[in-house]
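In: Turn this into a model:
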Amino acid sequence: MSSRRTERPNFLALEEVAVALNLSLEAARSLLHAGYLTPAETGPEGPVFSPSDVKAFVARNADNGSGNLFLAEPPGADAGDLLEALDGRALDMAHRAHDIFVTVFPETRLWDEREKERFLDQAKSRFEAILAVASQGAEVDEALTSDLEEVGAAAAWAGSPLPQLLVVLRISRDLVVQTAIEVAEERGRHWSLPLALLLTRVLPAMDRLTDSLAQGYWAAVVGREAEHTARYEHVVELSSDGVYEIDLDGCIQYANPSLAVILGRPPEELDGAQLTDVIVPMHSRGLLEPLFSEPQGGARRLEFEVNRADGVRRVLEIRTTARQHHGQAVGFQGVVRDVTTARDLEADKNEFLALMTYDLRQPLTTVLGLGATLEAHAHELAADHISEMGATVRSQAERISRMADDLYDISRLEAKSLLLSLRPVDLAQTVEAALATVEHAADVVVDIPPGLEVLADPRRLEQVIANLVANALAYGAPPVEIRAAVAGKDGLVELAVIDHGTGVPDAIVPNLFDRVRLLARRDRDRSRGTGLGLSLVKGLIEAMGGRVWYEHVPSGGADFRMSLAVPRPRF
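Out: Predicted coordinates:
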């Protein structure tokens, strides 16, 4: 060593530190300027260093913690005594760890006493665990490393930052080394060899434990990302909505199977195709322009009608967002939903309400007009005229009542809550009762064998016949014929209501008894009413176990037929 000594024998001058580290004076001075060597104080003759600090520097930076240039004792020492001494200082090391942690992470100054105590308890347990591992030497328990991997994985799933975990371990490592050097320094030179043995165990063990924690953490991060990716892919691939991604030029980069179904195209046609070639609005291609611009507010919603490649009309709702990369739009993503049924049902509801208003307006107008006339001029009118006006009011009121009954019965049929009382019914008598509620019944010709019975609810069967006859008189041409006979070997009675008008257009026949389908037709004649009568006829006949259908009359006219069962003979 240099002949230059400080006046304080417990401190080393920079020259002595350079010799102890086997470095040149310039190299030692560089370590000082870089902050790797911290002087205990600086006097007139320059900086001086604590021997324990220099030993700690050697321990931290030597290969596997084995370098200790201050050892001179022969082998044979035991590190167990030093481990026991360190174990007694676990709580002290925990407090020092807390002080360092607060310096590194200032936000932890806001911890309350309970959080601080929890940190100290965890730190004390951590130091005890480190010393227990160090006592095992190079053979670190595999179960312990597995446990640390699980700790790292749990931290990753909980969202704890890895740097914070590693800082805690590094603080713990350095404090164990620092405290071990302090204990050895306090107890004399004969503790130098146990210190070296301890350091050769602590440093590699801590490195291995740190690696285990980091590996567990990153394995969990990668696993979590893989799980999120798989879940996202599963949701997108199996979504009932169409999902696509296009580049800035509108070329499809990805499309899920549902988009191909919605657009009526094979999936392979979508890959690489232009979005404007596979989504074709009925009115203007310009409707698609917003899909190729960055939406304000992060998202945009569009809705329009399209014609698919197979000619089917659909109403699509598209929600689009820009895909960003480093703050720049690099493409656009969209979710396509087929809302045709919902929009058509909404239109049907509005149409139905409009038609109900149309059907109600005429009888209500008649009733209101006649009521006003009677109110103002009843004393001027002849008795027979008043009687005729009263009959008209009654018939129009009955018409409104029938419409209300039809609506009520249809709702009960759809709810499956309509109660029927099936029993043998004389068909001729039921037809006669039904005609009594229909206007212009004189234009109806009845041909029904006497005594012919069917199994039905008499009031509901009367309602069905009245609806069919009223429909024939309103939309056909007289005379209207009602015929009935036993058909086939099944013992069914078939009843036909035939008019001599133009018949029902072929395009309407498939949906003639379906109120929703009939209302949905854009070419339907609004003057023909809501179509509730035929819908109710179908529901009632089927509820009574029968069947109703339409047949075209070659000579012109419409032929509505229904079949009902014959009552079983009584013995």
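In: any idea how the chain splits into domains?
Out: By the assignment in automatic domain parsing, the chain contains the domains 50-222, 239-338, 344-413, 417-565.
In: Would you work out how far apart the start and end of the first one are?
Out: Terminal residues of domain 50-222 are spaced 46 Å apart (CA to CA, to the nearest Å).
In: Start from the N-terminal end of the stretch 101-250 of the chain and give the strands.
Out: For the stretch 101-250 of the chain, applying DSSP state E, counting those that start in this stretch gives strands covering 242-247.
In: Quick check: which ranges of it have low pLDDT?
Out: The model of the stretch 101-250 of the chain has pLDDT under 70 over residues 133-134, 136-165, 187-206, 208-209, 213.
In: repeat that for 80
Out: Flagging of the stretch 101-250 of the chain using pLDDT under 80 yields the residue ranges 104-105, 125-174, 177, 180-225, 228-229, 232-233.
In: quick one: the helices in it?
Out: Counting by DSSP state H, counting those that start in this stretch, residue ranges of the helices within the stretch 101-250 of the chain are 113-134, 142-158, 162-187, 192-238.
In: for the stretch 251-400 of the chain, same thing?
Out: 257-263, 267-270, 275-278, 340-377, 383-414.
In: Please look at Arg265 and Val278 and confirm they touch.
Out: Yes - taking CB atoms under 8 Å as the definition, Arg265 is a contact partner of Val278 at 6.1 Å. The C-beta positions use only the backbone N, C-alpha and C, and glycine is treated the same way.
In: Mind putting the helices of the stretch 251-400 of the chain into a markdown table with distance to Ser172, mean neighbour count and mean pLDDT?
Out: As requested, the helices of the stretch 251-400 of the chain are arranged in a markdown table below (distance: least, CB to CB, whole Å; neighbours: other CB atoms under 10 Å; pLDDT from 0 to 100):
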| stretch | distance to Ser172 | mean neighbour count | mean pLDDT |
| --- | --- | --- | --- |
| helix 257-263 | 53 | 19 | 90 |
| helix 267-270 | 56 | 14 | 88 |
| helix 275-278 | 58 | 18 | 87 |
| helix 340-377 | 62 | 14 | 80 |
| helix 383-414 | 73 | 14 | 81 |
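In: So for Arg173, which of the ones you listed sits nearest?
Out: Counting by CB to CB, Arg173 lies closest to helix 257-263 out of the helices of the stretch 251-400 of the chain; the figure is 54.1 Å.
In: export that closest one as PDB, just CAs?
Out: Coordinates of the C-alpha atoms in helix 257-263 are reproduced here as PDB (Å, rounded to 0.1, in the frame of the first residue of the first chain):
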ATOM      1  CA  PRO A 257     -67.400 -15.800 -41.300                       C
ATOM      2  CA  SER A 258     -70.600 -13.900 -40.200                       C
ATOM      3  CA  LEU A 259     -69.800 -11.100 -42.600                       C
ATOM      4  CA  ALA A 260     -69.800 -13.500 -45.500                       C
ATOM      5  CA  VAL A 261     -73.200 -14.900 -44.400                       C
ATOM      6  CA  ILE A 262     -74.700 -11.400 -44.000                       C
ATOM      7  CA  LEU A 263     -73.400 -10.300 -47.400                       C
END
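In: Please work out which residues outside that helix touch it.
Out: Judged by CB atoms under 8 Å, 6 or more residues apart in numbering, the contacts made with helix 257-263 from elsewhere in the structure are 237, 239-244, 266-267, 269-270, 278-279, 308-309, 314, 316, 336, 338.
In: let's see it at 10 Å
Out: Outside helix 257-263, the residues within contact range by CB atoms under 10 Å, 6 or more residues apart in numbering are 236-244, 252, 255, 265-271, 278-280, 306, 308-310, 314, 316, 334-338, 340.
In: Which of the residues you listed are buried? Put it as a ChimeraX command.
Out: In ChimeraX, the members of the contacts of helix 257-263 classed as buried (16 or more other CB atoms under 10 Å) are selected with the following command:
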select :236,241,242,243,244,252,255,265,270,278,279,306,308,314,316,334,335,336,337,338,340
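In: and the top strand by length along the chain, which strands flank it?
Out: When every strand of the chain is counted residue by residue (DSSP state E), the longest turns out to be strand 313-325. Paired neighbours of strand 313-325 in the sheet (DSSP bridges): strand 300-307 (antiparallel), strand 328-338 (antiparallel).
In: so which of the ones you listed comes closest to Glu388?
Out: From these, taking CB to CB, the stretch that ends up closest is strand 300-307, at 51.9 Å.
In: Mind listing what's buried along that closest one?
Out: Buried, per 16+ other CB under 10 Å, within strand 300-307: 300, 302, 304, 306.
In: between those residues, which is closest to Leu360?
Out: Distances from Leu360 to the buried residues of strand 300-307, taken as CB to CB, are shortest for Phe304 (34.6 Å).
In: Okay, and the beta partners of the residue nearest to Tyr254 when sequence neighbours are not counted?
Out: Leaving aside its chain neighbours, Tyr254 sits nearest to Glu245 (4.4 Å; criterion: CB to CB, 6 or more residues apart in numbering). For Glu245, the residues forming beta bridges with it (DSSP bridges) are Tyr254, Gln333.
In: Quickly note the distance from Glu245 to Ala299.
Out: Between Glu245 and Ala299 the computed distance is 15 Å (CB to CB, to the nearest Å).
In: Ok, Gln328 next?
Out: Remark: distance between Gln328 and Ala299 (CB to CB) = 18 Å.
In: how about the longest strand of the chain: buried residues?
Out: By neighbour count, with 16+ other CB under 10 Å as the criterion, the buried positions of strand 313-325 are 314-323.
In: what's the answer for stretch 418-425, then?
Out: 418, 422, 425.
In: Now intersect those with the strands, please.
Out: Val425.
In: Check pLDDT for the buried residues of stretch 418-425 and point me to the minimum.
Out: When these are compared by pLDDT, Leu418 scores lowest at 78.
In: looking at it, that one is touching Ser411, isn't it?
Out: Yes - in terms of CB atoms under 10 Å, Leu418 counts as a neighbour of Ser411; the distance is 9.1 Å.
In: What are the neighbouring residues in contact with the residue most central in space within the chain?
Out: Nearest to the centroid of the C-alpha atoms of the chain, with distances taken as CA atoms, centre = their mean, sits Val235, at 8.3 Å. For Val235, the set of contacting residues under the criterion of CB under 10 Å, 6+ apart consists of 243, 256.
In: swap in Tyr550?
Out: Applying CB under 10 Å, 6+ apart, one finds that Tyr550 lies in contact with 503-504, 508-510, 512-513, 534, 558-561.
In: Would you mind listing which of those residues are buried?
Out: If you count burial by 16+ other CB under 10 Å, the buried members of the contacts of Tyr550 come out as 503-504, 508, 512-513, 534, 558-561.
In: ok, so of those, who is nearest Leu291?
Out: Taking CB to CB as the measure, Leu291 lies nearest Ile508 of the buried ones among the contacts of Tyr550, at 37.8 Å.
In: Which phi and psi values does that closest one adopt?
Out: For Ile508, the backbone dihedrals (degrees, to the nearest 10) come out as phi -90, psi -20.
In: What of Glu439?
Out: Main-chain torsions, Glu439, degrees, to the nearest 10: phi -70, psi 150.
In: Could you check how far it is from Arg394?
Out: Glu439 is 11 Å from Arg394, where distance means CB to CB.
In: next one: Ala543
Out: Using CB to CB, which is the criterion applied here, Ala543 is 30 Å from Arg394.
In: same question, Met282
Out: Here Met282 is placed at a distance of 50 Å from Arg394 (CB to CB).
In: re earlier: in terms of neighbours, single out the busier of Glu245 and Ala299.
Out: Legend: neighbour count by other CB atoms under 10 Å for Glu245 and Ala299, higher for Glu245 (16 against 11).
In: Secondary structure element holding Leu468?
Out: Assigned by DSSP states H and E, Leu468 belongs to helix 458-475.
In: and the following helix or strand past that helix, which strands flank it?
Out: Following helix 458-475 in sequence order, the next helix or strand is strand 480-487 (DSSP H and E). The strands that strand 480-487 pairs with in its sheet are strand 444-447 (parallel), strand 492-498 (antiparallel) (by DSSP bridges).
In: Thank you kindly, that will do.
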